[in-house]
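*Asks:* sequence and predicted structure are below.
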Amino acid sequence: MRRRLEFIFYAVFIIGSILINAVSEGGGGERRPQLPSAPQKENTGLPPVALLPDTRGIVRSPSPLPEINVDVDSKKGTSVGTGFVVSDTGRIITARHVVDGCQRVFVRETKNRYFEAEDVQSYRGVDFATLRVPSLHTATLDLDTTVSMKGDVGYMMGYPQGKPADLSARVIGHSTMRSRGRYDTRERVTVWLETERLPEFSGTIGGLSGGPVLDGKGHVIGTAVASSMRRGRIYTTNPSVFTRSRVIEENDLSLRRTLFDITPQNYGETGIRLRKDLTIVQIVCLVD
């Protein structure tokens with residue numbers, strides 16, 4: 001009996017101690033032991049996290065236009081194209097497919113008179129070529145390596161269908177042109193939408209190849225190399241080709257003179273004058 005009373009006493013004592021501790025530690029809630037706070041570290045100079053740009057309100061540029069495929073005839077025949085003079089030594093720029101495979105190349109002066117060209121050079125990877133007529137002394141056109149942007153207006157002058165004519169067009173984008181056949185090239189081109197022909201005519205613009213594309217200040221910003229009649233599109237070389245040829249040595253890009261202003265109202269008259277002065281010329285390729 002005595003031992004039973006001692007057991008009850010100890011049990012009451014233990015339970016009471018637990019209750020007193022619980023009350024003194026905040027009243028009935030379980031308290032987790034506090035972990036020691038980690039010491040504050042100094043800035044270690046870690047690189048900042050790159051933030052994504054805020055694209056709200058930004059209009060994204062359209063995707064590049066589809067690649068253009070051009071078949072270059074495996075056999076070359078007698079043909080005509082366009083070129084333009086860029087130096088006092090008679091250096092002329094044209095398209096590669098105009099002079100490639102020719103036995104002899106001539107520049108037409110009048111209906112029955114021609115200059116024979118020399119030093120005909122084609123450039124790998126692009127539809128671009130140069131030739132020289134040392135006896136041809138005329139006004140030259142200035143080159144400009146500035147890439148045309150969407151919406152820009154340009155004027156193309158030469159001999160489409162072998163006849164003198166001029167076209168106006170505006171840039172709709174840029175693409176890649178791949179030529180296959182007699183030679184293979186892959187190059188960046190500017191894509192234009194044709195807006196007018198002077199004088200008005202229908203059908204192909206073949207024969208304009210190699211002709212200049214002029215901006216409103218009279219600077220050459222490309223050369224015509226291909227077209228799509230169905231879509232009314234014209235493809236011209238990227239002006240970077242000018243830096244890959246020797247014409248840069250003879251045509252001072254730093255001048256960028258404003259030789260004349262060209263507008264939708266006067267580009268036809270300008271083309272007539274440039275052809276009359278033999279600044280823009282017709283090129284004849286002869287194949288035996």
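*Replies:* Structure's in. What do you need? Note that the structure is a prediction, hence the values are computed from the model and not measured. Numbering: from 1, shown residues only.

*Asks:* when you work out contacts or count neighbours from here on, use the C-alpha atoms and nothing else.
*Replies:* Will do.

*Asks:* for residue 205, give me its contacts.
*Replies:* Neighbouring residues of residue 205 by Cα atoms under 8 Å, 6 or more residues apart in numbering: 160-161, 227.

*Asks:* tell me the least confident of those residues?
*Replies:* Scanning the contacts of residue 205 for pLDDT, the smallest score is found at residue 227, 92.

*Asks:* follow-up on the earlier one: what about the contacts of residue 205, which are in strands?
*Replies:* Among the contacts of residue 205, DSSP state E puts residue 227 in strands.

*Asks:* neighbour-wise, which of the contacts of residue 205 leads?
*Replies:* Greatest neighbour count in the contacts of residue 205, by other Cα atoms under 10 Å, goes to residue 160: 24 neighbours.

*Asks:* wait, doesn't that residue sit right on residue 210?
*Replies:* No - if you go by Cα atoms under 8 Å, residue 160 and residue 210 don't touch, sitting 10.5 Å apart.

*Asks:* returning to that earlier point: closest to residue 187 among the contacts of residue 205?
*Replies:* Looking at the contacts of residue 205 and their distance to residue 187, the nearest is residue 227, at 15.1 Å (Cα to Cα).

*Asks:* re the thing from before, give me the common contacts of residue 160 and residue 210.
*Replies:* residue 81.

*Asks:* quick revisit: tabulate the contacts of residue 205 (a markdown table), appending distance to residue 206.
*Replies:* Shown next, in a markdown table, are the contacts of residue 205 (distance: Cα to Cα, whole Å):
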| residue | distance to residue 206 |
| --- | --- |
| 160 | 5 |
| 161 | 5 |
| 227 | 8 |
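
*Asks:* looking at the contacts of residue 205, spot the one nearest residue 184.
*Replies:* For these, the nearest to residue 184 is residue 227 (17.8 Å; Cα to Cα).

*Asks:* list the buried ones in stretch 210-230?
*Replies:* By 16 or more other Cα atoms under 10 Å, the buried positions in stretch 210-230 come out as 210-216, 218-227.

*Asks:* where does this structure dip in pLDDT?
*Replies:* Low-confidence segments of the chain (pLDDT under 70): 1-64, 74-75, 246, 248-259.

*Asks:* so which residue is smack in the middle of it?
*Replies:* residue 174 (5.0 Å; Cα atoms, centre = their mean).

*Asks:* so residue 93, which state does it fall into?
*Replies:* strand (DSSP: H, G, I helix; E, B strand; the rest coil).

*Asks:* need the contact list for it.
*Replies:* By Cα under 8 Å, 6+ apart, the contact list for residue 93 reads 83-86, 128-131, 210.

*Asks:* specify the beta-bridge partners of it.
*Replies:* Assessed by DSSP bridges, residue 93 has beta-bridge partners residue 84, residue 130.

*Asks:* any idea how far it is from residue 194?
*Replies:* From residue 93 across to residue 194, the span is 22 Å (Cα to Cα, to the nearest Å).

*Asks:* likewise for residue 217?
*Replies:* From residue 217 to residue 194 the distance is 19 Å (Cα to Cα).

*Asks:* and for residue 170?
*Replies:* For residue 170, the distance to residue 194 - Cα to Cα - is 7 Å.

*Asks:* kindly report the same for residue 180.
*Replies:* 25 Å.

*Asks:* higher neighbour count, those two?
*Replies:* residue 194 (22 against 14).

*Asks:* which SS class is residue 268?
*Replies:* helix.

*Asks:* can I assume it is in contact with residue 168?
*Replies:* No - contact criterion Cα under 8 Å: residue 268 and residue 168 do not qualify, at 9.3 Å.

*Asks:* pretty sure residue 98 belongs to a helix, no?
*Replies:* Yes - Residue 98 sits within a helix when classified using three-state DSSP.
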